[in-house]
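Novice: One predicted model, sequence on top.
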Amino acid sequence: MDRNNRIRACYQHAALKWVMAERMTNQSLRERFGLPDTKAAVVSQVIAAAPDAGSVKADESVGGSRKFARYLPF
């Protein structure tokens with residue numbers, strides 16, 4: 001998957017989680033991509049690029065903690 005497809009998949013995952021009354025996290029996206037815990041940095045890079053592309057935004061209800069960050073489709 002190239003970068004744009006990963007960002008699109010990130011948005012679609014966030015939208016699916018929103019419909020299910022849940023929020024996307026690094027862990028949920030990593031599970032969606034089928035990556036092990038050791039590849040958390042790869043998913044973090046995708047999530048970091050997604051707001052720049054206008055796909056997702058941080059859920060501000062959890063505060064500024066990066067450890068417990070959740071994301072919403074945008």
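Specialist: Looks like it arrived, so ask away.
Novice: Which residues does the biggest helix by length in the chain contact?
Specialist: Looking across the chain with DSSP state H, the single longest helix is helix 3-19. Helix 3-19 is contacted from outside by 1, 23-24, 28-29, 32-33, 46-47, 49-50, 53, 55-56, 71-73, using C-beta atoms under 8 Å, 6 or more residues apart in numbering. C-beta coordinates here come from the backbone N, C-alpha and C atoms, glycine included.
Novice: ok, and what's touching the helix or strand following that helix?
Specialist: On the C-terminal side of helix 3-19, the closest following helix or strand by DSSP states H and E is helix 26-33. With C-beta under 8 Å, 6+ apart as the test, helix 26-33 has contacts from 9-10, 13, 17, 22, 36-37, 39-40, 43-44, 46-47, 69.
Novice: quick one: buried residues of the helix or strand just after helix 26-33?
Specialist: Per DSSP H and E, helix 26-33 leads on to helix 40-53 as the next helix or strand towards the C-terminus. With burial defined by 16 or more other C-beta atoms under 10 Å, the residues of helix 40-53 counted as buried are 43, 46-47, 49-50.
Novice: Please consider this matter closed, and thank you.
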